[in-house]
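In: Just to be clear, the model below is a prediction. Sequence and coordinates:
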Amino acid sequence: MAAERIFSREDESQILASIESWLEKEVRPVTKKYEQADEYPHDLVEQMKELGLFGLTIPEAYGGMGLPPTTYAKIVTAIAEVFMSIGGIINSHLMLGTLIHRFGTEAQKDHFLPKLATGELRGALCLTEPDAGTDLQGIKTHAKRDGDHYVLNGSKMWITNGMYGSLYAVLTKTDPHAKPAHKGMTMFLAERGPGFTVDRKLKKLGYRSVESVGLSFNDFRISADRVLGGEEGHGFQHAVGGLELGRINIAARGVGIANAALQDSIRYSQQRKTFGKPICEHQAIQLKLGEMATRVEAARLLTEQAAVKYERGERCDMEAGMAKLFASECALFCSQEAMRIHGGYGYSAEFDIERYYRDAPLMCIGEGTNEIQRIVIAKSLVKRFPI
């Protein structure tokens with residue numbers, strides 16, 4: 001297999017410039033239309049395929065761009081500054097690609113990764129269930145061996161790309177009696193077929209235009225060679241292993257939302273006048289802008305730190321958790337402060353501020369709640385600094 005090339009700062013700058021140009025020319029003008037109608041952006045997705053966005057982190061040997069995580073995080077931030085939802089479309093997709101690349105058999109890599117890189121196959125991660133989110137060991141979806149196949153039964157919830165995706169990483173229990181429970185969990189690579197049903201599209205406060213759906217598997221038959229990695233019992237480790245990149249993505253999206261809120265607030269505060277001068281000259285507004293800017297930069301640096309460690313192949317659950325925790329809370333804080341700075345206009349759908357305000361809370365929930373992040377960070381600290 002050919003060696004992956006090393007990306008330079010110049011390579012990164014060119015890629016970012018190309019994507020930012022696309023965002024300004026093609027995405028920003030239609031963002032409000034799609035978001036307010038909660039309409040799936042099919043034409044933008046086709047453009048994303050042409051730009052290679054579905055292969056950003058998939059190795060070049062399999063037809064992807066093979067970008068380092070640090071560059072990927074910057075791209076996700078740039079996308080989130082314009083239209084956060086489409087960042088979600090590639091997040092679940094590339095998390096699936098990462099799972100296959102890290103844990104899949106050679107046959108699975110050769111078959112799926114090139115199709116994922118081009119967007120021919122669109123990936124979704126099926127972990128969460130109606131009664132199991134943070135506690136993945138509490139899932140009820142199960143798979144039973146039947147000759148050369150397995151039969152899957154169960155339901156999944158809040159699945160991004162669930163309606164328009166075509167390849168699903170489905171976490172199941174193949175041994176419901178295993179102790180501890182995670183030893184009886186297995187991940188399958190499933191394509192649509194008889195027994196697969198999209199139950200409903202969920203209406204959401206924010207994160208619109210990208211579908212979040214409930215899925216059902218009813219006597220869904222899948223070939224045994226679609227067990228991720230080829231062996232039962234490793235599904236929980238696979239799911240957790242894929243979350244590091246997902247949390248870096250969420251952190252990067254948090255930075256994007258927060259920075260967009262900050263930049264809009266800076267521009268507005270220079271234009272809006274009260275008591276004979278621009279509001280940016282009022283100390284109350286300056287205090288807000290100063291706090292927002294500092295938090296955005298801190299979030300950006302934490303995200304970069306996590307991406308660097310991930311890029312080096314080092315353990316980064318703590319760093320990814322810190323970045324996700326801080327950046328998502330930063331997005332929530334900055335979107336609210338931006339609304340206060342904009343006053344009544346911030347509450348209007350004519351401005352982007354109310355969209356940031358609706359999108360930001362998801363960052364505090366997605367890829368593990370912030371409460372869980374605090375626990376992950378604390379446990380990691382204890383392990384790293386024993387008495």
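Out: Looks like it came in fine. Numbering: from 1, shown residues only.

In: so where's the stretch 151-300 of the chain uncertain?
Out: For the stretch 151-300 of the chain, not a single residue meets the criterion pLDDT under 70.

In: Tell me which stretches of it form strands.
Out: 167-173, 185-191, 196-201, 212-223, 273-274, 277-278 (DSSP state E, counting those that start in this stretch).

In: out of those strands, nearest to residue 355?
Out: Proximity to residue 355 (CB to CB) singles out strand 212-223 among those, at 16.6 Å. To be clear about C-beta, it is placed using only N, CA and C from the backbone, and glycine gets the same treatment.

In: Give me the buried positions along that closest one.
Out: For strand 212-223, the neighbour count (16 or more other CB atoms under 10 Å) marks 212, 213, 214, 215, 216, 217, 220, 221, 222 as buried.

In: Repeat that for stretch 336-356.
Out: For stretch 336-356, by 16+ other CB under 10 Å, it's 336-339, 341-342, 346, 351-356.

In: Now flag whichever of the residues you listed is closest to residue 29.
Out: residue 352 (12.7 Å).

In: Need the pLDDT of residue 3.
Out: At residue 3, the pLDDT value in this model is 45.

In: now swap in residue 308 and tell me
Out: Listed pLDDT for residue 308 reads 96.

In: what helices or strands is the helix or strand containing residue 17 leaning on?
Out: Per DSSP states H and E: residue 17 is located in helix 9-22. On a contact count with 3 or more CB pairs under 8 Å, 6 or more residues apart in numbering; DSSP states H and E, helix 9-22 meets helix 42-51, helix 69-103.

In: What average pLDDT does that helix get?
Out: On average, helix 9-22 scores 93.

In: contacting residues around whatever helix or strand comes next after that helix?
Out: Using DSSP H and E, the helix or strand that follows helix 9-22 towards the C-terminus is helix 31-37. Contacts of helix 31-37 with the rest of the structure, by CB atoms under 8 Å, 6 or more residues apart in numbering, involve 39, 40, 41, 44, 82, 83, 85, 208, 209, 349, 352, 355.

In: and if you look at stretch 274-286?
Out: Taking contacts as CB under 8 Å, 6+ apart, the residues outside stretch 274-286 that touch it are 266, 269, 270, 271, 272, 273, 289, 341.

In: quick check, nearest of these to residue 318?
Out: residue 289 (30.9 Å).

In: buried residues in stretch 136-150?
Out: So for stretch 136-150, counting by 16+ other CB under 10 Å, buried means 136, 139, 141, 142, 143, 149, 150.

In: Quick check: closest non-adjacent residue to residue 94.
Out: Spatial nearest neighbour of residue 94, chain neighbours left out: residue 57 (5.2 Å); criterion: CB to CB, 6 or more residues apart in numbering.
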